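J.: Have a look; sequence and predicted model below, questions after that.
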Amino acid sequence: MTERLSDAARDAVLGPLLASGWEMVEGRDAITKTYKFDSFVDAFGWMTRAALWAEKWNHHPEWSNVYNRVEVVLTTHDVDGVSSLDAKLARKMDTL
Ligand SMILES: C[C@H](O)[C@H](O)[C@H]1CNC2=NC(N)=NC(=O)C2=N1
């Protein structure tokens with residue numbers, strides 16, 4: 001069962017992400033990052049790879065793409081907040 005990250009877990013789980021370009025979204029329990037690529041094809045290729053992981057893990061981003069930028073928001077709708085699944089997908093996105 002997925003749960004919202006506890007206060008105790010947040011430092012350990014979110015700390016490294018917040019140090020690598022992820023930010024908390026103002027006014028909701030979610031994390032966000034904007035990726036910038038060299039081209040639309042690079043951006044969309046990255047989205048395609050990320051989408052396959054999201055589908056594999058049944059955990060899906062809120063995101064939008066304009067040309068070479070992809071704005072990502074991760075939160076867990078089932079628990080109305082950030083869970084370990086968001087951190088897992090964020091870490092994967094950073095490696096793709
Ligand atoms: C029914 C389905 O398994 C759920 O709605 C899944 C799908 N993908 C999801 N993605 C995200 N980000 N949060 C969820 O709570 C979620 N739930």
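T.: That came through, no problem.

J.: is it fair to say Arg49 lies in a helix?
T.: Yes: counting by DSSP: H, G, I helix; E, B strand; the rest coil, Arg49 is part of a helix.

J.: any weak-confidence spans in the chain?
T.: Within the chain, the set of residues satisfying pLDDT under 70 is empty.

J.: mind listing the helices for it?
T.: 7-18, 40-56, 84-95 (DSSP state H).

J.: could you dump these to TSV with distance to Gly27 and mean neighbour count?
T.: Bear in mind the C-beta positions are built from the backbone N, C-alpha and C, glycine included. Putting those into TSV (distance: least, Cβ to Cβ, whole Å; neighbours: other Cβ atoms under 10 Å) gives the following:
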stretch	distance to Gly27	mean neighbour count
helix 7-18	17	13
helix 40-56	24	14
helix 84-95	17	18
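
J.: Tabulate these (a markdown table), appending distance to the ligand.
T.: What follows is those, written out as a markdown table (distance: least, Cβ to the nearest ligand atom, whole Å):
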| stretch | distance to the ligand |
| --- | --- |
| helix 7-18 | 15 |
| helix 40-56 | 8 |
| helix 84-95 | 7 |
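
J.: Redo those as CSV? Include distance to Lys33.
T.: Below are the helices of the chain laid out as CSV (distance: least, Cβ to Cβ, whole Å):
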stretch, distance to Lys33
helix 7-18, 8
helix 40-56, 12
helix 84-95, 7
